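# Sequence first, then the predicted structure:
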Amino acid sequence: MGNLTKEQIQDRIREEAKKALATGEVSCVVGWTKTRFPDKTKPFFAYTDAECDLLVWNEYCINSTAKYALDDRYPEQKIGLITRGCDSRALNRMLKDNQLKRENLYIIGVVCDGKENPVCDGCQHKNPLTYDVLIGEPVEETINEKRFTEVEAFEKLSADEKYEYWAKQYDKCIHCYACRNACPACNCVECYADQYRVGWQGKAADREQNQVYGLTRVFHVGDRCIECGECERVCPMHLPIMRQTKKMLKDINDLFGNYECGLPDDSKPVLGEYKLEDPDEFM
Amino acid sequence: MYLAKKDLEKALQTLSQKAVVFAPILETIEDKVSDAKTVEKKFMPYFDGAEVALEGFNTVKPPKDVLFPNVEKMYKYKTGAGAYIMELLPEDSQKIIFGIRPCDMRSIDSMDKVFLTKDYVDSYYAKRRENVTIVAFGCLEPSRTCFCDSMGLDPNQAPTADLMMNVAADSEFTICNDCGTKVLTDDGKYILTPQTEKGKALLEQLKELLSDGGESYQDTKCSLHIVKAENLDEKLSKMFEHPIWEKVTKGCIGCGTCTFVCPTCYCFDIDNENHGAEGCKYRCWDSCMFSDYTRMAGGANPRPTKKERLRNRYLHKLEFFNERYGETLCVGCGRCIESCPAHLDISDFIEKASLVEIDASDYSEANYSEGRM
């Protein structure tokens, strides 16, 4: 839980946000504020001290803040971001993908205590991995032994069972692209699905086109997924989208050894580089 | 006239003999590898054994696709030898939307205005509309995002439905184990009030199941009561460049969720699907939240960012539609508030826009976020 209470963290967040704005180098600080529903917060952009006092920290701060850094790829001033472990990995993702420049970010890291979000149960990085200032004492991380349990069970089903399951799920899909827009690995300047005059992706929300989108998404995100679970959280039709990316990651782990994305090292995406010792049984 | 709750299934079976009956049904997708089965309440054709859930919260998606399908083939064609063009009008089958809520009924009134008035009749919509009979159900327990009564509706009444259905005034309720909401006890009654000739014809089909008498329950109130300026549409018409837009649109992630769960969003795109010399032209729902919605040939885009797109969506709901049709296009169903990934809230915007000064030079959330509920 770290050494600070929720209230103390909230006070520190407001204080650090004000300090950042006071330097004149940071245009605004992205965090969360309350909504009219006690169990919902919303992403919030604080530009003034009075707005900094609206920033909150509680178990409902579930939206990722990192992706908002892409709203302005060439900012005149730094963008301040309240950053949990998952947000920091999302930022690392976008930094490694050359979509963001580190010098344009001011990262206020917060040691996270887990949120009201099922994905937090499997969290392996409560401590932010990248930050300019850190709020809270780093805690000991836990390894999620069940990281691939569900995928392993699903793999054992027959091809027909798997197809039926996903076909029903994609019948529900409304083609809203919330999973894409929330995903830190979906950071292309222009998505293939938006180039729809080219004909990669049909616009109709039917089983066929929804599945084309689902498959393209998972292979594209494949080795760059940071397992933040935003895709699944934002899905208005509650599709178990993470099961697909987890399958990709599990296969990558099986083939290339222990692999996790969003770490602050200079490793390349595993499918994007070539090593002599890579498995090549398919050749 | 009333229908006993225990006869509801029989009533739906009777109606299903002459028409396809779309009712709010719980659909379960089993997951063989975890206990987490997904249950979705949606309008779908009634079948024997369907788990109909008239009461409880409204469906995640509105039943607008019965009249305005997500994907609709318009005509097919062939080029070269044996070339032809064949129009594909909807088939002539009778449909009943059973258990639509007052907000969604009002949405259909708005779609009627769009597709059937102002000198242009959309033949696809018209054909479907003609063959649809609508049975509305007065809400029992609004969800926490419901604010239709702030938008001038009554959650107990849908005056334009063919048949109005409410629970009886002396009803007793219990809490549903599965969904946690208020439902009528098994010995409860539904009061049926015909409001059109089509509605009377439905009652005629059900007459063996009906008994005389009974008064309807009219006491449901929305959960959210919001501040809404009178003449908000006129006020907004002077606020196109207002600093509020920059701020309230910041959190938007630019997905199409709000437009696809909205019962009144009716925009569509037209595209073709070609296989060799044959193909078909179809239309499908489009979303003004997407970049390609306004992108022109050559790449210019008059609504380049989420600020312009969300502004357009809010203004369409609250100003432009009023200017053209004399009514607001937001019916207060609350679906977009519940589903928005970024937790944006149109009712919150309505309040803020109602409270701000038209010619304010700056806008800060700090002045508008305290003490509202």
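Thanks, I have it. Note that this is a predicted model, so its numbers are computed, not measured. Residues are numbered from 1 along each chain as shown, chains lettered A, B, ... in the order given.
# Break chain B into its domains for me.
B:2-60+B:88-211, B:232-267+B:287-367 (automatic domain parsing).
# Just confirm yes or no for the first one near chain A.
This means domain B:2-60+B:88-211. Yes: contact of domain B:2-60+B:88-211 with chain A (C-beta under 8 Å from any C-beta of the partner chain) involves B:Ile29, B:Asp31, B:Lys32, B:Val33, B:Ser34, B:Ala36, B:Thr38, B:Glu40, B:Val60, B:Arg144. Placement of C-beta: from N, CA and C, glycine included.
# Would you mind measuring the gap between the ends of that domain?
This stretch, domain B:2-60+B:88-211, spans 5 Å end to end (C-alpha to C-alpha, to the nearest Å).
# what's the model's confidence in it, averaged?
Across domain B:2-60+B:88-211, pLDDT averages out at 92.
# and the next element down the chain from the helix or strand where A:Ala17 lies?
Here A:Ala17 sits within helix A:6-22, counting by DSSP states H and E. Later in the chain than helix A:6-22, the nearest helix or strand by DSSP H and E is strand A:26-34.
# so what secondary structure elements neighbour that next one?
helix A:6-22, strand A:41-46, strand A:78-83, strand A:105-110 (3 or more C-beta pairs under 8 Å, 6 or more residues apart in numbering or on different chains; DSSP states H and E).
# what's the angle between that strand and helix A:6-22?
On the basis of axes from the mean of the first three to the mean of the last three C-alpha atoms, to 10 degrees, strand A:26-34 is oriented at 160 degrees to helix A:6-22.
# Mind telling me what element B:Lys76 is part of?
With DSSP H and E as criterion, B:Lys76 is part of strand B:71-78.
# Following the chain past that strand, name the next helix or strand.
Downstream of strand B:71-78 (by DSSP H and E), the next one is strand B:84-87.
# neighbouring contacts of the helix or strand following that next one?
Downstream of strand B:84-87, the next assigned helix or strand under DSSP H and E is strand B:95-100. For strand B:95-100, the external contacting residues (C-beta atoms under 8 Å, 6 or more residues apart in numbering or on different chains) are B:12, B:15, B:19-24, B:43, B:46, B:52, B:54, B:63, B:66, B:108, B:128, B:131-137, B:158, B:161, B:165, B:202.
# Among these, which are located in helices?
Using DSSP state H, the subset of those located in helices is B:Leu12, B:Leu15, B:Ile108, B:Arg128, B:Leu202.
# Number of residues surrounding the second one?
Same thing as B:Leu15. 21 (other C-beta atoms under 10 Å in any protein chain shown).
# can you tell me which residue is nearest the centre of chain B?
B:Pro263 (2.3 Å; C-alpha atoms, centre = their mean).
# I'd like to know which elements the helix holding A:Ala17 is packed against.
Checking 3+ C-beta pairs under 8 Å, 6+ apart, helix A:6-22 ends up next to strand A:26-34, helix A:49-52, strand A:78-83, strand A:105-110, strand A:133-135.
# Okay, buried residues for that helix please.
With burial defined by 16 or more other C-beta atoms under 10 Å in any protein chain shown, the residues of helix A:6-22 counted as buried are A:Ile9, A:Gln10, A:Arg12, A:Ile13, A:Arg14, A:Glu16, A:Ala17, A:Lys18, A:Ala20, A:Leu21.
# And the residues you listed, which is closest to A:Ile79?
A:Ala20 (10.1 Å; C-beta to C-beta).
# tell me the contacts of that closest one?
By C-beta under 8 Å, 6+ apart, the neighbours of A:Ala20 are A:Val26, A:Val29, A:Gly80, A:Tyr106, A:Ile108.
# swap the cut-off to 10 Å and go again
A:26-29, A:46, A:52, A:78, A:80-81, A:106-108, A:132-133 (C-beta atoms under 10 Å, 6 or more residues apart in numbering or on different chains).
# In space, what's closest to it - neighbours in sequence excluded?
Counting by C-beta to C-beta, 6 or more residues apart in numbering or on different chains, A:Ala20 lies nearest to A:Val26, which is 4.3 Å off, once chain neighbours are set aside.
# repeat for A:Ile82
A:Gly31 (3.8 Å).
# you'd agree B:Asn274 is in a helix?
No: per DSSP: H, G, I helix; E, B strand; the rest coil, B:Asn274 lies outside any helix segment and is strand.
# What is the neighbour count of it?
By the criterion of other C-beta under 10 Å, B:Asn274 has 12 neighbours.
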